[in-house]
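Enquirer: build me a structure from this.
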Amino acid sequence: MVTFNILDRVFFVRGLKYGTAFTIDVESKQYLISARHVTGDNATISSLKLFHDEMWKDLRVTFVGASKDPIDISVFAPSVRLSPSHPLEPTFAGLILGQDVYFAGFPYKMWSHGGDLMQGRPLPFLKKGTFSAGLEPNSDVKILYVDAINNEGFSGGPVVFASQKGNDFKVVGVVSKFKTEYEPVIDKEDKETGLRVAYNTGFMVAYGINHVLNLIRANPVGLVLDT
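Expert: Sure thing, here's the model as predicted:
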């Protein structure tokens, strides 16, 4: 079960594409995180679209930074506070291979009503998977492979896990894509046609939250939160 402190930090956004974003708080400043292919990575970006009250509204943002290929992450500072400071530590600490992880977002532009709880914002879809591989200690690029069917629209959403101690949730990564493979197209006589079809392998690819923290440390211009 994913707790409300996760849901209340997730947003339906539109930049270059439709997708998902979420907030984290670092050193009393708030940041908005998404996938680079959703929002873009241009330093001149000054606004994104947020879905609220069943319409798209402009949100002024300050570009904090974006990771270089292959890492698919962009970070912004919102012009207004987007969510309360719910506990959500950005860390790998405590994540165990084979553990359940969860991710939230808006697949195929779908959402549900959250009522008064969400104060006009859409309630995201939730999915569960298994942390199968990744986070190699000798690699500068931290990738998580999750055994789960990812869908278009989850990109930019948070990957979270429950701590073994206390059952509090932590954010470990940012959803990027699903692993794609190609299979030959067979005709009625079981002969290959020369065509190939792409399919979702069932492995979701996410990039580690450390890359978000690196961007923030390099340019800590987030929205200052009231103390």
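
Enquirer: find me the pLDDT at the residue most central in space within the chain, would you?
Expert: With distances taken as CA atoms, centre = their mean, residue 157 lies nearest the centre of the chain, 2.1 Å away. For residue 157, the pLDDT comes out at 97.

Enquirer: that one contacts residue 124, correct?
Expert: Yes - assessed by CB atoms under 8 Å, residue 157 is found in contact with residue 124 at 7.2 Å. The C-beta positions use only the backbone N, C-alpha and C, and glycine is treated the same way.

Enquirer: what sits in contact with each of the two?
Expert: 10, 20, 104, 105 (CB atoms under 8 Å, 6 or more residues apart in numbering).

Enquirer: those residues in strands, which ones?
Expert: Among the shared contacts of residue 157 and residue 124, the members found in strands (DSSP state E) are 10, 20, 104, 105.

Enquirer: quick check: bridge partners of the last one?
Expert: Beta-bridge pairing of residue 105 under DSSP bridges involves residue 125.

Enquirer: skip ahead from the helix of greatest length in the chain and say which helix or strand is next.
Expert: Within the chain, and with DSSP state H defining each element, the longest helix by residue count is helix 209-218. Downstream of helix 209-218, the next assigned helix or strand under DSSP states H and E is strand 223-224.

Enquirer: hang on, the earlier thing: just list the residues touching the residue nearest to the centre of the chain, thanks.
Expert: 10, 19, 20, 21, 22, 103, 104, 105, 124, 174, 175.

Enquirer: distance-wise, check the closest residue to the second one other than its chain neighbours relative to residue 134.
Expert: The one in question is residue 19. Distance criterion CB to CB, 6 or more residues apart in numbering; nearest residue to residue 19, sequence neighbours excluded, is residue 38 at 3.4 Å. Note on residue 38: its distance to residue 134, by CB to CB, to the nearest Å, is 21 Å.

Enquirer: against which helices or strands is the worst-scoring helix or strand of the chain on mean pLDDT packed?
Expert: Within the chain, no helix or strand scores below strand 192-208, which has a mean of 86 by mean pLDDT, DSSP states H and E. Contact analysis of strand 192-208 by 3 or more CB pairs under 8 Å, 6 or more residues apart in numbering; DSSP states H and E lists strand 143-147, strand 169-186 as its packing neighbours.

Enquirer: most tightly packed of those?
Expert: Scoring the helices and strands packed on strand 192-208 by mean neighbour count under mean count of other CB atoms under 10 Å gives strand 143-147 as the most buried, with a mean of 21.
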